[in-house]
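[1] Got a predicted structure plus its sequence, pasted below:
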Amino acid sequence: MTGPAAPSAVRLTMRAVVQDRYGEAEDVLREQQVPRPRIGDAEVLVRVHAAGVDRGVWHLMTGLPFPVRLAGYGLRAPKAHVRGSDLAGVVVAVGRNVTTLHPGDDVFGFGAGSYADYAAAPETELARMPENLTFVQAAAVPVSGLTALQAVRDHGRVRPGQRVLVIGASGGVGTFAVQIAKAFGAEVTGVCSTGKVDLVRSLGADHVIDYQTDDTLTRGDQRYDVVLDTGGHRSLRELRRALTPHGTLVLVGSQTGGRWLGGMDRLLRAMALSPFVGQQLRGLVTSENAADLVVLGHLIESGAVTPAIDRSYPLGEVPVAVARVRDGQARGKVVIDVELQQG
């Protein structure tokens with residue numbers, strides 16, 4: 001006679017948002033029960049409380065632009081079936097070589113497939129959560145916060161007194177970039193749409209340009225030491241016109257929607273042109289590492305940086321959350337609250 005299933009059998013599965021083919025969120029994402037991930041010797045198992053949503057999720061979900069697929073994410077279908085990267089949660093198990101984290105630690109950082117109850121994450125891509133953040137706030141930080149930090153500090157090399165222009169200041173990366181540039185002592189101008197001007201002002205921007213009603217950016221005589229372009233697809237000529245003769249342009253993102261290059265053409269032109277002009281024209285690839293998460297944690301605990309949360313959704317509404325980011329509706333960061341019950 002067979003007895004009842006062992007309790008551990010239930011705990012070895014979890015909820016997750018998965019996809020089997022490339023496409024838009026409404027068509028390809030679904031919630032189902034999957035096996036709980038196993039961890040390697042240098043990995044940590046995190047009970048996910050919240051997970052961030054960013055444009056990168058959309059790119060990996062759709063496989064666009066096509067070079068994404070050539071980069072190892074799967075030619076005909078995604079190799080990784082559970083979406084999500086940003087996370088905040090509690091460590092429940094650690095690999096035998098892990099020394100800096102322990103079960104019970106509240107952490108934030110990067111994990112494989114964070115739109116789920118559990119995710120495996122490298123020790124080197126997690127840090128302890130800032131004490132003044134909730135899990136939802138902390139989950140908004142990793143991808144966008146690190147991108148902004150590295151754009152401002154490493155590529156823009158922002159110094160006190162410099163004039164910094166942040167294009168896309170109301171988006172995930174932009175909201176962090178405005179605050180980090182201010183923390184570095186810069187005079188910051190943010191560019192956003194009409195409905196998001198108040199948000200950018202609340203982040204501490206010294207000036208705000210509403211691109212829907214103000215053509216100062218393209219026709220004005222103001223010049224900036226550093227321009228961070230986190231969205232849109234303005235031409236290099238237009239962006240260089242906004243720079244001082246020896247200023248620095250950092251291209252963080254581009255939203256052309258092109259299926260083949262998706263904005264990479266502008267980046268390639270910038271890299272080819274940079275050696276021949278006085279201005280520095282740079283692209284950025286975010287480095288996911290614990291050391292920079294610690295830096296962000298200090299900025300957050302000091303009060304210099306606060307995650308700007310647009311809204312949070314339960315796990316079952318990941319497609320709605322991704323679509324909100326895709327359509328440019330978000331004011332700041334969209335977050336998946338894994339603990340939130342749907343309905």
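    Done, it's in.
[2] domain parsing for this protein?
    7-140+308-337, 144-283 (automatic domain parsing).
[3] need the ones you listed in JSON lines with distance to A291, can you?
    For the C-beta atoms, the positions are set from N, CA and C on the backbone; glycine is no exception. Output for those, formatted as JSON lines (distance: least, C-beta to C-beta, whole Å):
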{"stretch": "domain 7-140+308-337", "distance to A291": "8"}
{"stretch": "domain 144-283", "distance to A291": "10"}
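[4] So for A290, which of those domains sits nearest?
    For A290, the closest of those is domain 7-140+308-337, at 4.8 Å, according to C-beta to C-beta.
[5] Any idea how far the closest one is from the middle of the chain?
    Computed by C-alpha atoms, centre = their mean, to the nearest Å, the chain-centroid distance of domain 7-140+308-337 equals 12 Å.
[6] For it, give the mean pLDDT please.
    Domain 7-140+308-337 carries an average pLDDT of 92.
[7] And stretch 215-232, by the same measure?
    85.
[8] hmm, who's touching it?
    148, 151-152, 156-158, 162-169, 171, 173-174, 177, 181, 186, 189, 191, 209, 211, 238-239, 241-244, 247-255 (C-beta atoms under 8 Å, 6 or more residues apart in numbering).
[9] D206 contacts A181, correct?
    No - checked against C-beta atoms under 8 Å, the pair D206 and A181 is beyond contact range at 10.0 Å.
[10] returning to what we had before: what's the PyMOL line that selects buried ones from the contacts of stretch 215-232?
    Per 16 or more other C-beta atoms under 10 Å, the buried members of these correspond to this PyMOL selection:
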select buried, resi 148+151+152+156+158+162+163+164+165+166+167+168+169+171+173+174+177+181+186+189+191+209+211+239+241+242+243+247+248+249+250+251+252+253+254+255
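[11] Identify those among the contacts of stretch 215-232 that sit within helices.
    A148, V173, G174, A177, A181, E238, L239, R241 (DSSP state H).
[12] ok, the nearest residue to V98 once chain neighbours are set aside - how many residues close by?
    Leaving out its chain neighbours, the residue that sits closest to V98 by C-beta to C-beta, 6 or more residues apart in numbering is E123, at 4.8 Å. Neighbourhood size, E123 [other C-beta atoms under 10 Å]: 22.
[13] cool, R223 as well?
    Neighbours of R223 (other C-beta under 10 Å): 14.
[14] measure it to L249 for me?
    Distance from R223 to L249, counting by C-beta to C-beta, to the nearest Å: 12 Å.
[15] between those two, what contacts are shared?
    Joint contacts of R223 and L249 (C-beta under 8 Å, 6+ apart) are L243.
[16] where do the strands sit along the stretch 101-250 of the chain?
    For the stretch 101-250 of the chain, applying DSSP state E, counting those that start in this stretch gives strands covering 106-110, 118-122, 126-128, 163-167, 187-192, 207-210, 224-229, 243-251.
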